[in-house]
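> coordinates only, sequence not included:
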């Protein structure tokens, strides 16, 4: 990680100041597999607190979050846990694809980033953003830039003192300098935003 921090500080003095203020990179990896992908679907367009509550209710009702329990659960149980009908259908599609072997979760770590994105976005309800977040947090890929992430875009606005919320292409352009450690830069930007907004 020392190489990544040295590179980012060298190519981006603005980010370097935040890296120094935030300190060590304490990224917390998520386990690779079905439960993490399911949680990524659950958390779409929700606050972290709301997403965790729904996930915890599902685990409380199902015992374990895996393809078999999702497919065995009736719709009323999923709805009672707080899932929308749409997200229930997304989780069922994910579960069916895993059980049928259409999505081999064990193979994902061996694929390059774009191949992982292609495999995941074939699942109903998983778009590029969800696939990129999975690459970063479950597969620990160091050079991912989820440029559409609203929190990341707002972090860029705050850190670089922009007069407007940058577009995804503007974030991608700025992020070119961070290669091959864009995931690390994103983590620091998210931390900086949290510090600015919440102290």
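Looks like it arrived, so ask away. Fair warning: this is a prediction, and the values are worked out from it, not measured in the lab. Numbering: from 1, shown residues only.
> All the helices of this structure, residue numbers only.
2-11, 13-22, 34-42, 48-62, 67-72, 75-80, 85-100, 113-121, 128-137, 150-159, 168-175, 182-198 (DSSP state H).
> Residues contacting the fifth one, please?
Residues from elsewhere that reach helix 67-72, judged by CB atoms under 8 Å, 6 or more residues apart in numbering: 34, 38, 62, 63, 78, 91, 92, 94, 95, 96, 98, 99. C-betas here are computed from N, CA, C, even on glycine.
> switch the cut-off to 6 Å
34, 62, 91, 95, 98, 99 (CB atoms under 6 Å, 6 or more residues apart in numbering).
> ok, the fifth one - contacts?
Each residue near residue 98 by CB under 6 Å, 6+ apart is listed here: residue 67.
> Save the helices of the chain as TSV, and put in distance to residue 143 and mean pLDDT too.
Shown next, in TSV, are those (distance: least, CB to CB, whole Å; pLDDT from 0 to 100):
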stretch	distance to residue 143	mean pLDDT
helix 2-11	10	95
helix 13-22	15	97
helix 34-42	19	92
helix 48-62	25	92
helix 67-72	30	96
helix 75-80	36	94
helix 85-100	26	96
helix 113-121	8	97
helix 128-137	9	94
helix 150-159	15	96
helix 168-175	10	98
helix 182-198	5	95
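> Perfect, that will be all.
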